[in-house]
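>>> after the sequence you'll find the predicted model.
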Amino acid sequence: MKIIISNSSEDPIYEQIIKQIKNQIINDELEEEEPLPSIRKLARELGISVITTKRAYEELEKEGFIDTVGGKGSFVAGQNKEFLKEKKMKVVEDKLTEAVAEARMLDIGYKELKEMLSILYEEEE
Amino acid sequence: MDNILEIDLLRKEYKNFTLNDVSFQLPYGYIMGLIGPNGAGKTTIIKLIMNLIRKNDGSIRVFGKDNLEDEIDVKSRIGFVYDTPPFYEHLTLAQNKSIVSQFYREWDEELFKNYTNDFELDLRSKFKILSRGMKMKFQLAMALSHNADLIILDEPTSGLDPVFRRELLNIFSGLMQNEKKSILFSTHITSDLERIADFVTFIKNGEVVFSDEKDSILESWGVIKGGNELLEEDHGRLFRGIRKHEYGFEALTSDAREVARRFKSNVTIEKPTLEDIMFFMTSNNGGSDV
């Protein structure tokens, strides 16, 4: 597991943790059933408060990414393929939503946006 | 949550200063920072917990017990670090340790040795020749070596260099691996708290301004900046500690979301630091409405 906390980020620290763990689960860097560090260990390693790591784990649990078993700790939840695919789509969808909002603000029309997207997509390949 | 420390309507009257019905709680397993300007009452609270001065009213419960009725039991489970170390200046560290350690039922010599090694303390040195940082380290080694569950420190980082301050915070995090222990420390160096504190209690003029989770404080409060025309209307308590200059103003708000909703792009809102909050709340008009 890898977590980098940025003090200059706009995102609160607990959100930075959530995002990074989520991404690692979605990209299979963290595998099903893999144990996660305890909230106290993670707080110590990152030099942040226990409440912050606790909140991050609670949200991840709520969203179904991890399971916490009393006395045993937290684990990457067993994910069904459908669910993961949906999560992956959601990541892209969120970014696109942002791009659409930005385009609207700058008066860039749907057609132009679509062209931009297809150029970018082709380029990447 | 189960509380390791519960302070309820605590009152102490002096001629020129009153600690006015202070209440707050600290749960087991967390770190709380006590902040506030000099003379706000932080040290008075800590002295009252340790029963070094007499309260006028209110109650203090530590580990669920009254701090006066069960004083000996309560104190033996508190590790206390004073602003001025209570050791014999002309004796060596080893001699000081022998004297003080007798008072603790659960003195752990092994643990003490580990700490003195880690802190590179020479037990043969006389206390008086130590630097301020080394004195603090010795006090800390003493406070941490009798299996205390609540560690209380009065301005432990003042006068220490940044390297040692970081080291100290790391020691605190280490202690927090045990979910039955808690730490309460007063400080005016708020950057120390910015990361590791779970709770922050802000004291001003003998009163609690707020006592809350640090994360939720930093999320809901904001520093706002805008043009002076916004000040023509009265916004009540939404703007606090307004500092006006010729070309605009700065203020603090405890409800950044509401400010954003009401003023949209007419103001910029920045994430506050604890220092910002302390600064604006302490300036002339900042706290008058609290």
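That came in fine, so what should we check first? Since the structure is predicted, the reported quantities are computational estimates derived from the model, not experimental observations. Residues are numbered from 1 along each chain as shown, chains lettered A, B, ... in the order given.
>>> A:Leu36 pairs with what?
A:Ser74 (DSSP bridges).
>>> and the chain, what are its domains?
You didn't say which chain, so I picked chain A. A:13-76, A:81-124 (automatic domain parsing).
>>> that was the other one, I meant chain B.
Following automatic domain parsing, one gets these domains for chain B: B:3-214, B:221-282.
>>> what is the least confident helix or strand in the chain?
Let's take chain A. Every helix and strand in chain A was compared by mean pLDDT, DSSP states H and E; the lowest is helix A:81-105, with a mean of 85.
>>> that was the other one, I meant chain B.
Lowest mean among helices/strands of chain B [mean pLDDT, DSSP H and E]: helix B:191-196, a mean of 82.
>>> residues in contact with it?
Residues outside helix B:191-196 that contact it (CB atoms under 8 Å, 6 or more residues apart in numbering or on different chains) are A:43, A:47-49, B:31, B:33, B:35, B:157, B:165, B:169, B:172-173, B:187, B:200, B:214, B:273-275. Backbone N, C-alpha and C define where each C-beta goes, glycine included.
>>> drop anything exposed from those.
Among the contacts of helix B:191-196, those buried by neighbour count (16 or more other CB atoms under 10 Å in any protein chain shown) are A:43, A:48-49, B:31, B:33, B:35, B:157, B:165, B:169, B:172-173, B:187, B:200, B:214, B:273-274.
>>> next one: the most centrally placed residue in chain A from B:Asn117, what distance?
Nearest to the mean C-alpha position of chain A, by CA atoms, centre = their mean, lies A:Lys19 at 2.9 Å. Using CB to CB, to the nearest Å, one gets 40 Å for the distance from A:Lys19 to B:Asn117.
>>> for the helix or strand following the least confident helix or strand of chain B, enumerate the helices and strands it packs against.
Downstream of helix B:191-196, the next assigned helix or strand under DSSP states H and E is strand B:199-204. Contact here means 3 or more CB pairs under 8 Å, 6 or more residues apart in numbering or on different chains; DSSP states H and E; on that basis strand B:199-204 packs against strand B:18-27, strand B:31-35, strand B:207-213, helix B:214-220, helix B:274-282.
>>> mind doing that once more with 7 Å?
Where contact means 3 or more CB pairs under 7 Å, 6 or more residues apart in numbering or on different chains; DSSP states H and E, strand B:199-204 is packed against strand B:31-35, strand B:207-213, helix B:214-220, helix B:274-282.
>>> could you dump the third one to CSV, C-alpha only?
The C-alpha coordinates for helix B:214-220 follow below in CSV (Å, rounded to 0.1, in the frame of the first residue of the first chain):
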residue,chain,number,x,y,z
LYS,B,214,-9.8,19.1,15.0
ASP,B,215,-10.7,17.9,11.5
SER,B,216,-14.3,19.2,11.8
ILE,B,217,-13.0,22.6,13.1
LEU,B,218,-10.6,23.0,10.2
GLU,B,219,-13.3,21.9,7.7
SER,B,220,-16.1,24.2,8.8
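>>> that one - what's its average pLDDT?
Average pLDDT, helix B:214-220: 93.
>>> again, but for the shortest one
Per-region confidence: strand B:31-35 scores 95 on mean pLDDT.
>>> quick one: strands adjacent to it?
In the sheet, strand B:31-35 lines up against strand B:182-186 (parallel), strand B:199-204 (parallel) (DSSP bridges).
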